[in-house]
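K.L.:
kindly return the folded structure for what I paste below:
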Amino acid sequence: MDLDKPPARPPAQPPSEGCLVVAIRLPVRIVALVLVLPVRMAWDALVVAGRFLRDTVLRPVGRALLWLGRVLFVLPLVGLWRYVVVPAGRALRLLGKVLVVIPLVACHRHVLTPVGHAVAWLVRAVGAVLALLYARVLTPVGTGLGAALVRLARYLVAVPARAVYTWVLMPVGRAITWCARGVLWVLSALVSGLGRVLYRTARILLVLPAVALWSRVLAPVGRLLAVVVREVGDALGHAWRIAGHVSLVVGRFLATLFRWIFVEPVRRLYRTVLTPVGHVVRDTVLRPAADAVRAAGRVAGQALTAARQSVRQARADVRRMLFGEAPEREGAARGEPSARGTRTLGSSTTALTKD
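P.N.:
Residues are numbered from 1 along each chain as shown. Here you go, the predicted model:
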């Protein structure tokens, strides 16, 4: 089975590159890296700043503007459309239907339709009269005049024109055609000879030097420029990728440095100093102050209640001094309705059982 297998092909070797390509590649890549690295780092810094600005400023401002626009424009417009424009449109539609559509329909039905039927009947009658006049009068007269005019035109125009065409125009045209063919042959011969001369002259003076210039000068220079441009493009791409990795490493280093220099001390200060101080302030100042405020509120409420009761008692004393004691009713004293307003088995307020 192994003998039947075809021999393995050797791996394809990359095409060998000339010494010119190798000599151009290394300095071009070094120069491209030196030039591209600051640009890539500045670009990455701008991207990070833009993302931070988008997340912290632009999105909240955009949401606020969206809410403000909705409150100031969308909701008023929706309310205007729903509660003003739509009812006004319905009223205008009803008004137009009552004032325009119904009168127009009635005018069309009771005025225009009978008038149109009358006009149509009149047009049909006039058309019948005209058709009868055309068939009985104009057609025979036109047929006779047409036949006379055809015969007259045949003998006065067609026969003389045919004779002139046969005996005069055809021989003259043939002679002119033969002369024109001769002139065209002479002109074509002259143009052909002149074209050959100009072609050979242009080939010797323009084409051969241009071909030599292209093959000996422009093609080699173009190949060299193509190699340089390709290597510069590859070097710029390679330098951009390397600069990206370098920028990523530098960014991570700066982020770590910022975290250890600023974030970690602030976090430790908040955890070890501010949090205990806050707890102490809360337990020693804020809570007693809150309890004192609540106690003062309760005392003030009790004082207001006592003052309100005192005012009510003073008003009752003044009323008693001015108007005397108010007679208390017996039912009211017991908290029961009076006998006049009660309903018992012996009395009724209905019209059927009333005494």
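K.L.:
any idea which element the residue positioned nearest the centre of the chain lies in?
P.N.:
Nearest to the mean C-alpha position of the chain, counting by C-alpha atoms, centre = their mean, stands L66 at 16.9 Å. According to DSSP states H and E, L66 maps onto helix 59-69.
K.L.:
with L46 instead?
P.N.:
Element membership of L46 [criterion: DSSP H and E] is helix 19-53.
K.L.:
which other helices and strands does that helix contact?
P.N.:
helix 219-258 (3 or more C-beta pairs under 8 Å, 6 or more residues apart in numbering; DSSP states H and E). Heads up, the C-betas are built off the backbone N, CA and C, glycines and all.
K.L.:
now do the helix it packs on and helix 19-53, the angle between them.
P.N.:
Put simply, helix 219-258 runs at 40 degrees to helix 19-53, going by axes from the mean of the first three to the mean of the last three C-alpha atoms, to 10 degrees.
K.L.:
give me the buried positions along helix 219-258.
P.N.:
Neighbour counts over helix 219-258 (16 or more other C-beta atoms under 10 Å) mark 227, 231-232, 235-236, 238-240, 242-244, 246-247 as buried.
K.L.:
which ones are touching H117?
P.N.:
Listed by C-beta atoms under 8 Å, 6 or more residues apart in numbering, the contact set of H117 is empty.
K.L.:
and it, how far from V207?
P.N.:
H117 sits 88 Å away from V207 when distances are taken as C-beta to C-beta, to the nearest Å.
K.L.:
picking that back up, among the buried residues of helix 219-258, which pair sits farthest apart?
P.N.:
V227 and S247 (29.6 Å; C-beta to C-beta).
K.L.:
and the strands in the chain?
P.N.:
Ranges of strands within the chain: none, based on DSSP state E.
K.L.:
the bottom helix or strand of it by mean pLDDT?
P.N.:
helix 330-334 (a mean of 48; mean pLDDT, DSSP states H and E).
K.L.:
what is the burial count for V137?
P.N.:
Counted with other C-beta atoms under 10 Å, residues neighbouring V137 total 10.
K.L.:
now it: how far from R25?
P.N.:
Distance, V137 to R25, by C-beta to C-beta: 105 Å.
K.L.:
same thing with R216?
P.N.:
Relative to R25, and taking C-beta to C-beta, R216 is found at 27 Å.
K.L.:
neighbour count: the two, which is higher?
P.N.:
R25 (18 against 9).
K.L.:
isn't the more buried one right up against E231?
P.N.:
Yes - at 5.3 Å, R25 counts as touching E231 under the criterion of C-beta atoms under 8 Å.
K.L.:
distance of R203 relative to R151?
P.N.:
71 Å.
K.L.:
returning to what we had before: would you mark the buried spots in the helix holding L46?
P.N.:
Using 16+ other C-beta under 10 Å as the test for burial, helix 19-53 gives I24, R25, V28, R29, A32, L33, V36, L37, R40, M41, D44.
K.L.:
repeat for stretch 151-166
P.N.:
Within stretch 151-166, no residue counts as buried by 16+ other C-beta under 10 Å.
K.L.:
and that stretch, how far from the chain's centre?
P.N.:
76 Å (C-alpha atoms, centre = their mean, to the nearest Å).
K.L.:
any idea how many residues pack against A296?
P.N.:
There are 10 residues near A296, going by other C-beta under 10 Å.
K.L.:
contacts only, for it.
P.N.:
Residues near A296 by C-beta under 8 Å, 6+ apart: none.
K.L.:
the chain should start at 19 in everything you say after this.
P.N.:
Happy to do that; since the first residue is 19 now, the last one works out to A314.
K.L.:
hang on, the earlier thing: hmm, which of the buried residues of helix 37-71 is lowest in pLDDT?
P.N.:
Least confident of these in the model: I42, at 67.
K.L.:
for A198, give me the pLDDT.
P.N.:
Looking at A198, the pLDDT reads 90.
K.L.:
report the separation between it and R192.
P.N.:
Taking C-beta to C-beta as the measure, A198 falls 11 Å from R192.
K.L.:
low-confidence stretches in this protein?
P.N.:
19-42, 342-373 (pLDDT under 70).
K.L.:
could you check how far A230 is from P238?
P.N.:
According to C-beta to C-beta, A230 and P238 sit 13 Å apart.
K.L.:
correction: the previous question concerned V65.
P.N.:
For V65, the distance to P238 (C-beta to C-beta) stands at 43 Å.
K.L.:
equivalent analysis for S265, please.
P.N.:
Relative to P238, S265 is positioned 40 Å away (C-beta to C-beta).
K.L.:
swap in L266?
P.N.:
42 Å.
K.L.:
same deal with W61?
P.N.:
If you go by C-beta to C-beta, the gap between W61 and P238 works out to 38 Å.
K.L.:
go on, F91?
P.N.:
In this view, F91 and P238 are 68 Å apart by C-beta to C-beta.
K.L.:
one more: R312?
P.N.:
97 Å.
K.L.:
same check, this time on L292
P.N.:
Separation of L292 from P238 (C-beta to C-beta): 76 Å.
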